[in-house]
Each structure stands twice: as C-alpha cells, then as structure tokens.
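Participant: sequence and predicted structure below; questions after.
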Amino acid sequence: MAPGVSTKLSDYEVQRQEKIAKNQALLRELQLEGAAAGLAPKGRSAQTTKATRAPKKKTVVKIKEEVVPRRTSSRLKGIVADSEVAKRKAEDEADAFHQAERAKRQRVSDDLNLSDIVVAGRQWNQSGNFLSNVGPAKPGERTFDAQNVKETTDKELRELRQRMSSMQLWEGFEPNNKPLVFAGDKLGNLGIFDGSQNAPEVKVEDDEEEDEVAEPAITAFKLHTRTISAFQFSHSDPNVLYSASYDSSIRKLDLNKGVAVEIYAPSDKSEDAPLSGVEIARTEPNVIYFTTLAGTFGIHDMRTPAGKSGGTQTFQLSEKKIGGFTLHPAQSHLLATASLDRMLKIWDLRKIGKQDGQRLPSLVGEHESRLSVSHASFNSAGQVATASYDDTIKIHDFSDCVDWRVGHSLTDAQMKPATVVPHNNQTGRWVTILRAQWQLQPQDGVQRFCIGNMNRFVDIYTGKGQQLAQLGSDGITAVPAVAQFHPTMDWVAAGTASGKLCLW
C-alpha cells in the first residue's frame, strides 16, 4: 500500500481495538488497587541498612544408591516396536529388574560387625559405646480417664489405677537408671534408644525461625534384609538379643562383642520361610523356639555345628499363619499359639507323637474365636491373653497347669475365657496387629498387660480385665500399636507406624 493513503478499518477491527483498550484499562485499574492493598510485588530496595545473615544449610546425608539396570531406547537402537526383538529386550529388562530386587532381599548369613552395619545415629565404638553398661479409631477420644479412677470403690485397685495413670511421657531419666529401648522396623533395622539421655537443646538465633525440633540420639543397625518380626533378650545374659525376621533367619546380637551371628536359617538359601516369632526358655538357654507365617513351629538347638542337620525340629501346628506364640515363663514345656484359623491352642512339648501321619506335640486344648486370633501371651500365673479381630481381649485362666501331667487334656468348657474385655482391634492394612503383652515380673505381684488402642493410646489392664490406665499424649499422631512393658519397672514403650517411639 502506498504511504499516505488512509485506510478505513472494518467494523470487526474497530470492535477488536475497543476490546483491547478496555482490557488494558481494567488491568491498570487492578494493578493500582493491588498496590493500594499491599498485594502488588515490591521492588528490591537499592540499599540495605543491615547485611542479612545467610540461612544455615542443613546437613544433607548422601545415600549411596544401588546400581540398577538402566533402561535404553529401542527406537535409537533401530528396534521395531512389537517385533520379536523388542519383546526379547523387554523380557531381559524385566528379568534383570527382578534379579536386582531378589538380591536386595536375600539374607546375609555371614557374621555382622555393628561398626559395619550402622545405618543411623552414632558410630559404634567398642571401647566406649553407650551400651557398655547394659543391665538386666477415634483419635484422641479417651475410653478411660480420671473420672473412672475417682469412681473406683476398691481401695487397692484405686491406688493401683492412680499410680499407673500417673505415668508420663518420657522427658529424661535419672542417671542411676538406664532404660534402653530396642525396636525393629520393616527394613530389617534394629534401633536402640538410650532413655537416660536428656533432650538436646537447640539454640535459636535472634533472626532465625524456630523450625528445628530437638531429637534424642538414636542408633540403628542393619541386622536383617527384611522385617524384624520379633526379638527377645537372653535370660542368662542381658547383653544378648535374639531377633527373628521375614528373611527366614534368626540372629544372635552380642552387645559386648559388637557382633551379630546367624544362628538359624533354612539350609537352602533360596527357601523363603518368613518367621513370625521367637522365644527362648529360662530353663534351656541353648534352645530357641520360633514360628513361621506358614503355620510351622520350630525348635532349634544352638549347639549344633553350622552346616550340620539334626539340630532343628519343625511341626506343622496350623494350616494358616501363626500370628504369635509364647511359652509359659515357669512351665516352659507349655506352648500357646494363636493363628489365622481363629484358634487358640495349648500344647505340651513333653510328649511328641504321631497324629494324622505327622509328628506333633500333645494338644492340651483349643478354643475357637469368631474371627482370627492375633496373638497369645502367657504370664507367670498361668493366664493367657489373646487379642482377636472380633474386637475382644480374652483372658484364659490355666493357673492349675503346674499339676498337669503328660497327656493332660482340657474340655471345651475349661478352655473358655474367664474374662472377655471389649476392645477395638480393627487395625486394617497399615497398622500392626495389636498384641497384649504382660509385665513378666510385676513388683507388686499384680498381673497386668498393655495393648495399643486405635484411638492413639496405650491401655493397661489387670489379669482380671480391670483397666488401670490409658496412656497418651497430644504429640502422638499415629496409633502406638506395638506396646511392651518393662519386665519389672513400670515403664511402657510403644511404637507407631510413622516410625515414632513413645516411652512412659
């Protein structure tokens, strides 16, 4: 078009220009209103009167990543999609991935030095480690409180309830007491917490935000390659801990020597037999007992030389998973098992014979619940506490078991629970099953046990089913499902699925 020649805009172009002008005016108006309200972005000041302190850099822990097979492009290699070559390549990559996963879960049979398997916390120092002086779902809604204690008419029971309810969440213990808390996780790590330490103080500078939370020192060791399902201390040596795992092995951890030795595992390394429990009898320090998720009960003599068979006996006590078992503390030949087939069974290990074509201990009696039984726990008085998915805690009384002879049997009426306590045991998929755990040697002689509460508490009951306390705290944000009493002291430790430890 020649310069100087005016052109007339079309109606469409006129409307378009008007709309653009309106939008620009509206945008300027919004910017002015935002500046007046203090919402508009402010420009950086040219000068600063005080140099700002650089924020502290948090320590980054570098984790050594395992080398896994790397995927490669089939297109760049000239492999046609959906061809036989592409299919073979995909199969090879899948096999390599599965082999890498199996290698990570493969148990290690060699002896482990604690200094080599520290995964968190302080480094292990044999000459001066902090274990050198080891001695012998309605969140927040309470179902037992101070009003229940106040309304107790029995004087002795009221005093016991007051004492147990006065237990407070840990803030530091006196130096003459050294409580050590051991906890296993699903990765095979064993964590150790020294309860005699005081909570560390974090110094906050004037111009820093108080965003760091002080945490106590904890040490963790990689004992197993899969979940640690149970562990127990030796009755003859308090520095020895036996741990069972889903990697099918049992290890003996000697805290004085700083070495973890494998004492039991299937002879075939490829055999997968996850263990659900482990116990050692007071009368037989060289014999260890265990159960598997396949319903097998085993007895292993630790004096058997490595690589030789004959030191292990196994019995198929259930067709389904055995969730938990215990030996009678004083009568170690008596065994209580709880399984997924809804059965509580009492066995006598003094008599082993053939039943239905297989060797089994003598069955003393059995009791069937409406739903699966999660755990069975013996106390020194001969009582057995079970927790089951029918939302009950059942307490069975076998106090006359001292007089049972070999081959003794109980009727269905004798196997019925003496006390039934309503209790929400619906843990679901992500919460560990709730287990009633007795205090082995209560100092006042009153039998009592603790068990996790789905409302994020820990309940304490007597052997008669009377509730003594409901322990909790505002800082508990998950269910303390795994709860355990100290054998003699009124200390309770509980772990949550979020990896937190609660200690009262």
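Facilitator: Perfect, I can see it now. Keep in mind the model is a prediction, meaning the values are calculated, not measured.

Participant: so where's the longest helix in this protein?
Facilitator: Looking across the chain with DSSP state H, the single longest helix is helix 11-36.

Participant: next SSE downstream of it?
Facilitator: For helix 11-36, the succeeding helix or strand toward the C-terminus, using DSSP states H and E, is helix 84-105.

Participant: just the buried positions in that following helix, please.
Facilitator: Buried residues in helix 84-105, counting neighbours by 16 or more other CB atoms under 10 Å, are found at residue 89. Quick note: C-beta positions are derived from backbone N, CA and C, even for glycine.

Participant: quick check: mean pLDDT of it?
Facilitator: In this model, helix 84-105 has a mean pLDDT of 74.

Participant: average model confidence for whichever helix or strand comes after that helix?
Facilitator: Downstream of helix 84-105, the first helix or strand assigned by DSSP H and E is strand 112-113. Averaged over strand 112-113, pLDDT sits at 70.

Participant: which elements pack onto strand 112-113?
Facilitator: strand 259-264 (3 or more CB pairs under 8 Å, 6 or more residues apart in numbering; DSSP states H and E).

Participant: now do the helix or strand just after the strand it packs on against strand 259-264, angle only.
Facilitator: The C-terminal neighbour of strand 259-264 among helices and strands, as given by DSSP H and E, is strand 275-280. Calculated by axes from the mean of the first three to the mean of the last three CA atoms, to 10 degrees, strand 275-280 forms an angle of 110 degrees with strand 259-264.

Participant: show me the contact partners of strand 275-280.
Facilitator: Contacts to strand 275-280, defined as CB atoms under 8 Å, 6 or more residues apart in numbering, come from residues 229-232, 234-235, 242-246, 248-250, 287-293, 321-327.

Participant: just stretch 342-362 next, same as before
Facilitator: Contact with stretch 342-362 is made by 297, 299, 315-318, 333-339, 363-373, 376, 384, 386, 388, 394, 396, 398, 404, 406-408, 410, 415, as judged by CB under 8 Å, 6+ apart.

Participant: which of those fall within helices?
Facilitator: Counted as lying in helices by DSSP H, out of those, are residue 415.

Participant: show the buried residues in the contacts of stretch 342-362.
Facilitator: 297, 299, 315, 317-318, 333-339, 364-365, 367, 369, 372-373, 376, 384, 386, 388, 394, 396, 398, 404, 408, 410, 415.

Participant: looking at the chain, which helix or strand does the model trust least?
Facilitator: Of the helices and strands making up the chain, the lowest-confidence element is strand 118-120, at a mean of 62, by mean pLDDT, DSSP states H and E.

Participant: which SSE is immediately downstream of that one?
Facilitator: Next element after strand 118-120 (DSSP H and E): helix 146-150.

Participant: buried ones in that following helix, by neighbour count?
Facilitator: 148-149.

Participant: where's that helix relative to the chain centroid, distance-wise?
Facilitator: Computed by CA atoms, centre = their mean, to the nearest Å, the chain-centroid distance of helix 146-150 equals 32 Å.

Participant: residues in contact with it?
Facilitator: With CB under 8 Å, 6+ apart, helix 146-150 has contacts from 158, 161-162, 165, 467.

Participant: need those in TSV (columns: distance to residue 349).
Facilitator: Formatted as TSV, the contacts of helix 146-150 follow (distance: CB to CB, whole Å):
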residue	distance to residue 349
158	41
161	38
162	41
165	40
467	34
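
Participant: residue 191 sits in which helix or strand?
Facilitator: Using DSSP H and E, the element containing residue 191 is strand 189-194.

Participant: now the helix or strand following that strand against strand 189-194, angle please.
Facilitator: Next helix or strand after strand 189-194 toward the C-terminus (DSSP H and E): strand 218-222. Going by the same axes, to 10 degrees, strand 218-222 is angled at 160 degrees with respect to strand 189-194.

Participant: strand 218-222 pairs with which strands, and in what direction?
Facilitator: With DSSP bridges as the test, strand 218-222 is paired with strand 118-120 (antiparallel), strand 189-194 (antiparallel).

Participant: about what we covered before: now, the contacts of stretch 342-362 that are in strands?
Facilitator: Of the contacts of stretch 342-362, the ones assigned to strands by DSSP state E are 297, 299, 315-316, 334-339, 363-368, 373, 376, 384, 386, 388, 394, 396.

Participant: so what strands line up beside the lengthiest strand in the chain?
Facilitator: Using DSSP E to define each element, the chain has its longest strand at strand 343-355. Partner strands and pairing direction for strand 343-355 (DSSP bridges) are strand 334-339 (antiparallel), strand 358-368 (antiparallel).

Participant: hmm, back to that, now, of the contacts of strand 275-280, which are buried?
Facilitator: Of the contacts of strand 275-280, these count as buried by 16+ other CB under 10 Å: 229-232, 234, 242-246, 248-250, 287-293, 321-327.

Participant: which members of those residues occur in strands, if any?
Facilitator: Here DSSP E is the test, and those give 229-232, 242-245, 250, 287-292, 322-327 as lying in strands.

Participant: what residue ranges in this protein score low on pLDDT?
Facilitator: 1-8, 32-83, 102-110, 114-138, 140, 170-178, 198-215, 306-309 (pLDDT under 70).

Participant: flag every buried residue along stretch 265-272.
Facilitator: For stretch 265-272, by 16+ other CB under 10 Å, it's residue 265.

Participant: now the end-to-end length of it.
Facilitator: 10 Å (CA to CA, to the nearest Å).

Participant: cool, and stretch 408-419?
Facilitator: 23 Å.

Participant: how close does the residue most central in space within the chain sit to residue 428?
Facilitator: Centroid-nearest residue in the chain, with CA atoms, centre = their mean: residue 185, separated by 5.0 Å. For residue 185, the distance to residue 428 (CB to CB, to the nearest Å) stands at 19 Å.
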